[in-house]
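sequence below, structure please.
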Amino acid sequence: MKTYVLGTHIVTIDIINCLWGKIQIDGVIGLSKREESDQISGYIYMADYCKQKSINFIEIKDYNLRTEDDKKKLLELEIDVLLVLGWQRLIPNWLIKHCRIGVFGIHGSSKGIVRGRGRSPQNWAIILGEKTFSLSLFNITEGIDEGPIVETREYELSIFDDIKTSYYKVSILSAEMILAMFKKLENNNLCYQEQFGEPRYLPQRLPSDGQIDWNRSSMEIYNFIRALTKPYPGAFTVFNNNIIKIWKAIPFNLDIEDYSVPGQVVKVFHDGEILVKTLDSFLLIQDYNTDIIIKEGSVFESVNFSDQIKKIIHRHNMKYPHLKIIEEIEILAK
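Numbers count the residues shown, from 1 in each chain. Presented below is the predicted three-dimensional model:
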């Protein structure tokens with residue numbers, strides 16, 4: 001049985017490492033080298049990793065698999081099982097039909113695969129402050145995350161998790177589901193469970209959607225920052241037309257007499273960490289990037305979070321008017 005992995009994301013490597021020595025991987029299909037301006041969040045050029053592991057690397061130029069050269073290259077491969085691990089695009093029907101046993105992918109959301117199809121599910125789960133995340137290994141069809149389910153797992157999203165640790169959990173559980181599937185394939189008893197219920201979708205997020213609204217609670221802003229930290233472009237704030245990327249922060253509750261306004265820098269500590277006023281308390285910014293000197297009393301600009309969500313919803317509805325967004329995000333726009 002010939003197994004190939006289609007992936008070009010940091011999670012691709014972590015899942016393969018979890019599978020290494022347990023199943024045979026005959027090749028990895030990944031994107032060609034990209035300039036930084038042309039990279040997706042979490043992108044990785046898989047050639048070096050494949051060389052280190054002595055895995056055949058098949059280099060693809062088009063993320064959507066539309067070029068004739070890419071199609072010819074893939075159709076020349078004998079593929080029984082194609083594992084789609086960190087390839088955030090739909091798989092064309094010609095490739096699905098080419099794979100003898102099937103094409104299998106991982107998708108999850110805090111609401112499960114039916115109620116949370118679409119984009120950026122882990123980011124949205126952390127932004128929404130969800131406590132659990134449900135993963136499904138499913139047989140990929142032409143639609144968006146709608147194929148029959150093979151395996152499911154669930155994990156806790158604690159207040160200490162960020163998008164990076166969430167990916168680590170996904171990597172471990174994805175490998176566990178894949179190994180369970182291969183065992184069933186070997187025993188010829190693989191079963192499929194059809195999805196049911198009205199699907200809902202998560203809208204795509206863009207880097208420009210990451211500006212902070214300081215008129216929210218410390219916990220809400222904390223969730224926002226940890227959801228968008230590396231390998232994503234990061235949450236940011238603006239001061240005097242300068243963008244300040246914020247990678248790590250924690251709520252900082254302190255009962256003191258305070259006359260500052262949300263977004264105002266209350267304290268700059270000796271090591272450069274910054275204490276900023278929020279709606280209900282303070283936020284300690286521990287890791288950030290800026291080319292300017294930040295002083296006490298400075299007030300960071302705020303966006304209106306509700307308006308920000310409305311823009312995301314409008315963008316989704318213009319592109320996918322037939323795909324209903326999950327209720328939890330619609331509520332944020334009110």
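
any weak-confidence spans in this structure?
Within the chain, the stretches with pLDDT under 70 are 37-39.

which parts of it belong to which domain?
When the chain is parsed into structural domains using automatic domain parsing, the resulting residue ranges are 3-202, 212-289.

tell me how far the ends of the first one are from each other?
Looking at domain 3-202, the gap from its leading to its trailing residue is 30 Å under the measure CA to CA, to the nearest Å.

do the same with the last one
Terminal residues of domain 212-289 are spaced 15 Å apart (CA to CA).

OK, contacts around the closest residue to Gly105 other than its chain neighbours?
Ranked by CB to CB, 6 or more residues apart in numbering and with sequence neighbours excluded, the top spatial neighbour of Gly105 is Val84, at 3.9 Å. Heads up, the C-betas are built off the backbone N, CA and C, glycines and all. When contacts are counted by CB atoms under 8 Å, 6 or more residues apart in numbering, Val84 is found next to 6-7, 91, 103-106, 140.

and the residues you listed, which of them are in strands?
Using DSSP state E, the members of the contacts of Val84 that fall within strands are 6, 103-106.

strands of the protein, residue ranges please.
Assigned by DSSP E, the strands in the chain fall at 3-6, 27-31, 57-60, 81-84, 102-109, 117-118, 132-139, 149-156, 201-202, 235-239, 242-252, 265-268, 274-277, 282-289.

can I get those strands in CSV including distance to Tyr222?
Conversion of the strands of the chain to CSV gives the following (distance: least, CB to CB, whole Å):
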stretch, distance to Tyr222
strand 3-6, 35
strand 27-31, 33
strand 57-60, 38
strand 81-84, 32
strand 102-109, 21
strand 117-118, 24
strand 132-139, 18
strand 149-156, 17
strand 201-202, 21
strand 235-239, 10
strand 242-252, 5
strand 265-268, 16
strand 274-277, 12
strand 282-289, 7
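
between the ones you listed, which gets nearest to Lys72?
With CB to CB as the criterion, Lys72 lies closest to strand 57-60 of the strands of the chain, at 11.3 Å.

would you mind writing the CA trace of the closest one as PDB?
Backbone C-alpha positions of strand 57-60 (Å, rounded to 0.1, in the frame of the first residue of the first chain) are rendered in PDB as follows:
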ATOM      1  CA  PHE A  57       9.700  15.000  -2.100                       C
ATOM      2  CA  ILE A  58       7.300  16.000  -4.800                       C
ATOM      3  CA  GLU A  59       7.400  19.700  -5.400                       C
ATOM      4  CA  ILE A  60       4.200  21.500  -6.400                       C
END
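
my read: Ile294 touches Ile244, true?
Yes: under the criterion of CB atoms under 8 Å, Ile294 lies in contact with Ile244, with a separation of 7.5 Å.

higher neighbour count, those two?
A count of neighbours by other CB atoms under 10 Å puts Ile244 above the other of Ile294 and Ile244, at 20 against 17.

spatially central residue for this protein, please.
The centre of the chain sits closest to Ser120, judged by CA atoms, centre = their mean, with a distance of 4.5 Å.

find the nearest non-adjacent residue to that residue, please.
With CB to CB, 6+ apart as the measure, Arg205 is the residue that lies nearest to Ser120, at 4.7 Å, once sequence neighbours are left out.

list the contacts for the one you found?
When contacts are counted by CB under 8 Å, 6+ apart, Arg205 touches 119-120, 123-124, 312.

thinking again about what came up before, from the ones in strands among the contacts of Val84, which single one is nearest Phe182?
For the ones in strands among the contacts of Val84, the closest approach to Phe182 (CB to CB) belongs to Phe104, at 10.1 Å.

beta-bridge partners for the closest one, please?
Going by DSSP bridges, Phe104 is paired in beta bridges with Leu83, Asn139.

just checking, it touches Asp80?
No: with contact taken as CB under 8 Å, Phe104 and Asp80 are classed as non-touching, separated by 11.2 Å.

which one's more surrounded, these two?
It is Phe104, of Phe104 and Asp80, that has more neighbours when counted by other CB under 10 Å, with 22 against 14.

who's in contact with that one?
Contacts were defined as CB under 8 Å, 6+ apart; by that measure Phe104 touches 81-84, 137-140, 150, 178, 181.

hmm, back to that, against Tyr232, how distant is the residue nearest to Ser120?
9 Å (CB to CB, to the nearest Å).

overlap in contacts of these two?
Shared between the contact lists of Arg205 and Tyr232 (criterion: CB under 8 Å, 6+ apart) are residues Asn123.

quick check: closest non-adjacent residue to Thr278.
Residue nearest to Thr278 in three dimensions, not counting chain neighbours: Ser218, with 4.5 Å by CB to CB, 6+ apart.

so who does Thr278 touch?
Thr278 sits next to 214, 216-218, 221, 262 when contact means CB under 8 Å, 6+ apart.

of those - the most surrounded one?
Ile221 (26 neighbours).

how near is it to Ile246?
Taking CB to CB as the measure, Ile221 and Ile246 are separated by 9 Å.
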